[in-house]
Every structure is written in structure tokens, then in C-alpha cells.
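Asker: Here is a sequence with its predicted model. Questions after.
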Amino acid sequence: MDKYGFWLYLLVMAGVTYLVRMLPLVLVKRKITNRFILSFLHYVPYAVLTVMTVPAALYATGSEITAAAALLAALVLAWRRKSLLVVAAGAVAGALLSYGFLAYLLPLLA
Amino acid sequence: MNLRLLFLLFCDIILSVFEKRSVGVKERSLFRKGLTDGLPICFGYLSVAFAFGIFAVNSGLRPWQALLISMTNVTSAGQLAAVPIITAGGSLLELAASQFVINLRYALMSVSLSQRLDSSMTLPHRLAISFVNTDEVYAVAASRPETVGRRYLYGLILTPFFGWSFGTIAGAVTGDLLPSFLTSALGIAIYGMFIAIVVPKARDDRAMAVCVLLAAAVSCLFRYLPALQAIPQGFAIILCAVSVSAVMALAAPVDGKEERHG
């Protein structure tokens, strides 16, 4: 962070994010017809979210086992079309339950 | 119920002060409708922003820096990708390029939303509303049966914006007080939200399912192949997403009518 300082980073990221959102809303008055651009824009959001989740989410909890349990819970809930809130909460619950199992129950069984 | 009525009354008063005239019943109800539709988004954002606040502080940012990032960007995926770049002292180009590609989806949403706005959405209001045009705000606004106006949209974005900001500072400040296993577990919430957006879409759309699997595979290549590991994370996200989307746009183009999504 020392190279540029926080404010310059903040300005760049906020500026780019706002321009990406604002320019089309202000400038586009008629419908886009180019099929490649339409198709590209159709796939981009889901490709981005997938790339950010796989495999990074596996290392988000500090333990691949609890992360895998959390992701499994999220996948099942999302497949059943639960809301954002329910899926996010389910992932956290999966991580907590598997942590509890590994840290407390497993030593008792062993 | 009484609390909710009080809250709506409070918003009406605020609104009428800004309008400098009495607000008509119909306009008031449009604003209320937006507020009501925005509340579920607000609650969802609270938990995810809480996780972001924890993540940002754990990565080395100060709580006020996390809050400022949330208040000026209002975007989960972009912020999540930006924090490691900032704390690692990455280049401004890498930061700008990653934000551009990750947030490129908002351009599509803004294009789509621009076709559905009524005449009340003049230039100043377009400049203001686009600031909080998030995935969920867009999805709700686009699913309205008729065109949307500024009253509805201001109502819609009000509580999600504060939920996102408040959740961030709450997570950033209290993250230290919580036991580490709990903050670690909360860190997965933001990925849960991504999964909640992607999976139902991939379930309904076979080409999208292929796109998602391809993106996952390419992303793993960048993570685990030694030759590709040297590429900074922000650029890797861009390369993966752009290449997969371009291949899919060529292999399985969508027809012109299918422009709405989310």
C-alpha cells in the first residue's frame, strides 16, 4: 500500500466502478444489437463470480475441510433456489458445524 | 409492524423536506414500494458486508478504510478482489483493470436498466442511481412488470446502501472481538452469495452451466499450474473471465431477445 497510498487506490477503484455503471445508464438510449457483444456481456458476470469462487473459497476459512463443508451446504441450498441470505447463512453454518465436529466431537470419538 | 410504519413515516418526512412541497399519494406509495423491495437486499448485504469488513481488516486495512471502500464502491466481488491488490502494493493498472473486468457486468445491467426507465429518470437521477446499481438492485428493478421511475429506485437503493456500509464497519470493528473460528467461518459468506447467484442460473441454462464449469477449470489452472502462478491474482481473474466469456460468446451466442439476466 505504501507505493501509492490508500487514497489513490480508493480513487482509482471507485472511479472505475462508477464509470462502468454510470456511462451505459447515461449514454445508451437505444438497444444494442451486436450479437457477440450481447453474448459476451451475458456470460461475463457468471464467469467472473465463478473464477473468484473457484478455487479461492476453499482457502477462505483457514481449513479446506470446513470450507468444503460450507461450499457443499451453499451448493445444495443454491440448487434449491434459496435466497442470497439463506445460502450465505447456510455456508457459514456448514463451516461452523464442521469446525465444531472436527474440534470437539472427533477427539471424543477417537 | 408499528416500527415499520414509524420507519415509513420517517422516510416520508425526509422525502417531503427534499421535495420542498407536499408529496402526492401515488408518488409516496412508489417510494414505499421501493423501500419494501429493498429491505431483503439490505439484510442480505448486512451479513456479506460484515464478512467483507472482517476480511479487509484481516488483510491489513484499517476499519475506516474498509468503510470508505464500501461506501464508494458498493460492490462485493470488486471489493473482494481489490483488497489483496491494495495490501500487496499492486499496480494501479492491475487494480483498475481488475475492477473494470469484474464490474463489467454492471455495464450490461446498466444497459438493460436504461431501456426500462421512465421519463422521471433525467440525467442527474441517472448519475445518482447508477452509483448503487448492484446485482441485486438491478435484479429487483428489472423484474418489475412496468418501467421504473426515480421514486421507486431511490426507495430501492436506500436501505441496501446503508446495510452495505453499516455491515462493513460492524465487521471491521467487531471482527477482532469475535473468536477466530467464527470470523473464519463468516469469511465464507461472501462466496455463499456468489454461489447463490451462479448456481440457479447454471441450473436453468445449459450453455451457462458449461460456461461456469469451464471458468472453474481455467481458474484452477491459473491457481495450480506453476507456470501460471506468477501472474498477479487481479490479472488472472481478468484473463480467465474474458477468455471463457469470449469462447462461450462464439460457441453459444445468445439471441438478441435474451438480454435480461440476474
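Answerer: Ah, there it is. Small disclaimer: the values here were computed from a predicted structure and weren't measured. Numbers count the residues shown, from 1 in each chain, chains lettered A, B, ... in the order given.
Asker: Please make it C-alpha for all contacts and neighbour counts, starting now.
Answerer: Noted.
Asker: Give me the contacts around stretch A:35-42.
Answerer: With contacts defined as C-alpha atoms under 8 Å, 6 or more residues apart in numbering or on different chains, stretch A:35-42 is touched by A:32, B:104-105, B:108, B:245-246, B:248-250, B:252-256, B:259, B:261.
Asker: run the last query once more with 7 Å
Answerer: Around stretch A:35-42, the neighbours that count as contacts under C-alpha atoms under 7 Å, 6 or more residues apart in numbering or on different chains are B:105, B:108, B:245-246, B:249-250, B:253-254, B:256, B:259.
Asker: can you tell me which helix or strand the closest residue to A:Ile65 other than its chain neighbours belongs to?
Answerer: Spatial nearest neighbour of A:Ile65, excluding adjacent residues (C-alpha to C-alpha, 6 or more residues apart in numbering or on different chains): A:Ser98 at 7.7 Å. Element membership of A:Ser98, judged by DSSP states H and E, is helix A:84-100.
Asker: After that helix, heading C-terminal, what element do we hit next?
Answerer: Past helix A:84-100, the next helix or strand by DSSP H and E is helix A:106-109.
Asker: How far does that next one sit from its chain's centre?
Answerer: 34 Å (C-alpha atoms, centre = their mean, to the nearest Å).
Asker: Give me the helices and strands touching it, please.
Answerer: The contact analysis (3 or more C-alpha pairs under 7 Å, 6 or more residues apart in numbering or on different chains; DSSP states H and E) places helix A:106-109 against no helix or strand.
Asker: re the thing from before, what are the buried residues along the helix holding A:Ser98?
Answerer: Across helix A:84-100, burial judged by 16 or more other C-alpha atoms under 10 Å in any protein chain shown covers A:84-99.
Asker: quick one: average pLDDT of the one helix or strand B:Glu27 maps to?
Answerer: Taking DSSP H and E as the definition, B:Glu27 sits inside helix B:25-58. What helix B:25-58 shows for mean pLDDT is 85.
Asker: Which parts of it count as buried, going by neighbours?
Answerer: Residues B:28, B:30-57 are the ones in helix B:25-58 that count as buried (16+ other C-alpha under 10 Å).
Asker: just checking: which of the residues you listed also lie near chain A?
Answerer: B:Gly44 (C-alpha under 7 Å from any C-alpha of the partner chain).
Asker: elements contacting the longest helix seen in chain A?
Answerer: When chain A is parsed with DSSP state H, its longest helix is helix A:6-27. Under the contact criterion of 3+ C-alpha pairs under 7 Å, 6+ apart, helix A:6-27 touches helix B:63-73, helix B:92-102, helix B:104-114, helix B:123-129.
Asker: how does chain A divide into domains?
Answerer: A:1-30, A:34-109 (automatic domain parsing).
Asker: got the buried residues for the shortest one?
Answerer: Counting neighbours by 16+ other C-alpha under 10 Å, one finds that the buried residues in domain A:1-30 are A:1, A:9-10, A:12-26.
Asker: For B:Gln79, find the nearest of the domains of chain A.
Answerer: domain A:1-30 (8.5 Å; C-alpha to C-alpha).
Asker: averaged over its residues, what pLDDT does that closest one have?
Answerer: 88.
Asker: which intervals of chain A have sub-threshold pLDDT?
Answerer: Residues of chain A meeting the criterion pLDDT under 70: A:1-3, A:31.
Asker: I'd guess B:Val173 is in a strand, am I close?
Answerer: No. Read with DSSP: H, G, I helix; E, B strand; the rest coil, B:Val173 is helix and lies in no strand.
Asker: That one: what's it in contact with?
Answerer: B:Pro63.
Asker: quick one: pLDDT of it?
Answerer: Note on B:Val173: pLDDT of 94.
Asker: Got phi/psi on the residue of the stretch 1-150 of chain B found nearest chain A?
Answerer: Here the stretch 1-150 of chain B gets closest to chain A at one residue, B:Gly89, 4.3 Å apart by C-alpha to the nearest C-alpha. In terms of degrees, to the nearest 10, the main-chain angles of B:Gly89 are phi 70, psi 40.
Asker: what about it, how many neighbours?
Answerer: Neighbour count for B:Gly89, taken as other C-alpha atoms under 10 Å in any protein chain shown: 17.
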